[in-house]
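Peer 1: The following block contains a protein sequence and its predicted model.
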Amino acid sequence: MITTIIRRGIQAMFVIFAMTLIVFLGVNVIGNPVDILVNPDLNQAERLRVVERLGLDQPLWQQYLTFLKGLTQGDFGTSFVYGRPALDVILDRLPATLELALLAMVIALVIGLPLGLYAGLYPNRISSRVIMTGSILGFSLPTFWVGLMFILLFAVELGWLPSNGRGSTVEFLGARWSFLTADGLQHMILPALNLALFKTSLILRLTRAGVQEVVAQDYVKFARAKGLRENRVILVHILKNLMIPVVTIIGLEFGSLIAFSVVTESIFGWPGTGKLIIDSINLLDRPVVVAYLMMMVVLFVTLNFIIDISYTLLDPRVRLDGKG
C-alpha cells in the first residue's frame, strides 16, 4: 500500500506540473493587463516602465520559468491590483468560501442522505414520489434565479435574513470566521442554502439509486431472514455498502463548492474566493487568477487521493494496489 501511495503521489505531481503549463499559458495569452491598470493618458515611456515593473517585458517562456521557480518557494507572484503576494490575497478570502462550502455540504448531507434512503426503501409511497419530484426541481432551477428568489422572499418580503455581506466575524486560528457569531450565521444561511440545493438533489438521487441496488442483494435478504432488526439492516448492511459512490460524490462536490461558488458569492456579495476570481479576471490580475486555479488543481488532486484511501476503509475488498 505504501508503494501505491508513493506511485499515486508521483502521478499527482505530474498532473500538477502539466496543469501549471496549461493554466499559465491559458491566462497569459489573453488580454493586456497594462491597458486596464494604467491611466490611458500616460506616455509610452511611462507605460514601458509599468510593463517592466510587472515583468511583462520578458518572453513568455522566461515568465513561465520564473513562475515555476516561485512555485517551489510558495511564491505565486505579486498581485497587479493589490500590490501584495497573490497567495496572501487568496488566503485572506479563503476562510469565507470554506465555511460557506462546509455549511452547504452539511445541509446537503443532512437533507439528501435521509431522504434518498427513505425514497429508496419505500419507492412506491406517494411521499417518495414527491421527494423525487422535488429533487428534479433542485437539478433544474438555475442557481442565480434561486438566489434572487431567496433574497426577494426571505430578505425583502419577510425580512427574516440578511441578503448581502458576511456579517460579524471572529478571529480563530489566524483567520476571520462568520459561523462563530449569531450575525455571521444569519448571513450564511441564504448563500449556503443556495449552494446546497443542487448538491442535495444529487446526493438524494445517488443514495436512492444505491439503496435500490443494495436492497436486492442476497446478504440483505439473508440479514432480514435471520430476524435482524430493520434499523440494523439499514445501518449496517444497506447504508454502509452504498457509501462508496456517496463518498466519491461528496469529495468531488465539496471541491466544486469551493471552486465554483462564483455565482452564489456574486449574488449575495459574499467576500470569498469566488467573488475575488471574478474581480481578478475583469481586471486581468494574472497572478491572482493563476494562483487561484493552481490551488483548485491541488485541491481536486488531494480530494481524489483521499477518496481512494477512503475506499479501503469503507470496503476491505477494495485495495489500492489492485490485489485482493
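Peer 2: Happy to help now that I have it. None of the values given here were measured: they were computed from a predicted structure. Numbers count the residues shown, from 1 in each chain.

Peer 1: And Val236, what's its pLDDT?
Peer 2: What the model reports for Val236 is a pLDDT of 72.

Peer 1: what about it, how many neighbours?
Peer 2: By the criterion of other Cβ atoms under 10 Å, Val236 has 12 neighbours. Where C-beta positions appear, they are placed from N, C-alpha and C, glycine not excepted.

Peer 1: how about it, secondary structure?
Peer 2: Following DSSP: H, G, I helix; E, B strand; the rest coil, Val236 is assigned to helix.

Peer 1: Show me the helices in this structure, by range?
Peer 2: 2-28, 33-37, 44-53, 60-72, 86-121, 126-140, 143-150, 182-214, 218-225, 230-232, 243-259, 262-267, 273-282, 286-314 (DSSP state H).

Peer 1: Which of the ones you listed sits closest to Ala175?
Peer 2: helix 86-121 (4.2 Å; Cβ to Cβ).

Peer 1: mind listing what's buried in that closest one?
Peer 2: Using 16 or more other Cβ atoms under 10 Å as the test for burial, helix 86-121 gives 86-87, 89-90, 92-105, 107-109, 111-113, 115-121.

Peer 1: repeat for stretch 219-228
Peer 2: Quick answer for stretch 219-228 (16+ other Cβ under 10 Å): 220, 223.

Peer 1: what sits up against it?
Peer 2: Outside stretch 219-228, the residues that touch it by Cβ atoms under 8 Å, 6 or more residues apart in numbering are 214, 230, 232-233, 236-238.

Peer 1: what about that stretch, average pLDDT?
Peer 2: 76.

Peer 1: Just checking the distance from that stretch to the centre of its chain.
Peer 2: 39 Å (Cα atoms, centre = their mean, to the nearest Å).

Peer 1: Now do the same contact list for Ile293.
Peer 2: Wrong residue type there; residue 293 is Leu, not Ile. When contacts are counted by Cβ under 8 Å, 6+ apart, Leu293 touches 19, 23, 27.

Peer 1: actually Pro95, not the one I typed
Peer 2: Taking Cβ under 8 Å, 6+ apart, one finds 175-177 in contact with Pro95.

Peer 1: and those, which are buried?
Peer 2: Counted by 16+ other Cβ under 10 Å, the contacts of Pro95 give 176-177 as buried.

Peer 1: follow-up on the earlier one: generate JSON lines for the helices of the chain, with distance to Thr78 as supplementary columns.
Peer 2: JSON lines is the format used below for those (distance: least, Cβ to Cβ, whole Å):
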{"stretch": "helix 2-28", "distance to Thr78": "15"}
{"stretch": "helix 33-37", "distance to Thr78": "12"}
{"stretch": "helix 44-53", "distance to Thr78": "10"}
{"stretch": "helix 60-72", "distance to Thr78": "10"}
{"stretch": "helix 86-121", "distance to Thr78": "7"}
{"stretch": "helix 126-140", "distance to Thr78": "42"}
{"stretch": "helix 143-150", "distance to Thr78": "33"}
{"stretch": "helix 182-214", "distance to Thr78": "30"}
{"stretch": "helix 218-225", "distance to Thr78": "59"}
{"stretch": "helix 230-232", "distance to Thr78": "58"}
{"stretch": "helix 243-259", "distance to Thr78": "23"}
{"stretch": "helix 262-267", "distance to Thr78": "24"}
{"stretch": "helix 273-282", "distance to Thr78": "13"}
{"stretch": "helix 286-314", "distance to Thr78": "6"}
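
Peer 1: Identify the spatial nearest neighbour of Ser128, chain neighbours not counted.
Peer 2: Nearest residue to Ser128, sequence neighbours excluded (Cβ to Cβ, 6 or more residues apart in numbering): Ala119, at 4.2 Å.

Peer 1: List the buried residues for stretch 155-173?
Peer 2: 155, 161-163, 166-167, 169.

Peer 1: now swap in stretch 298-308 and tell me
Peer 2: 300-301, 303-305, 307-308.

Peer 1: now stretch 75-84: mean pLDDT?
Peer 2: Averaging pLDDT along stretch 75-84 gives 79.

Peer 1: That should have said stretch 275-285, apologies.
Peer 2: Over the span of stretch 275-285, the pLDDT mean works out to 81.
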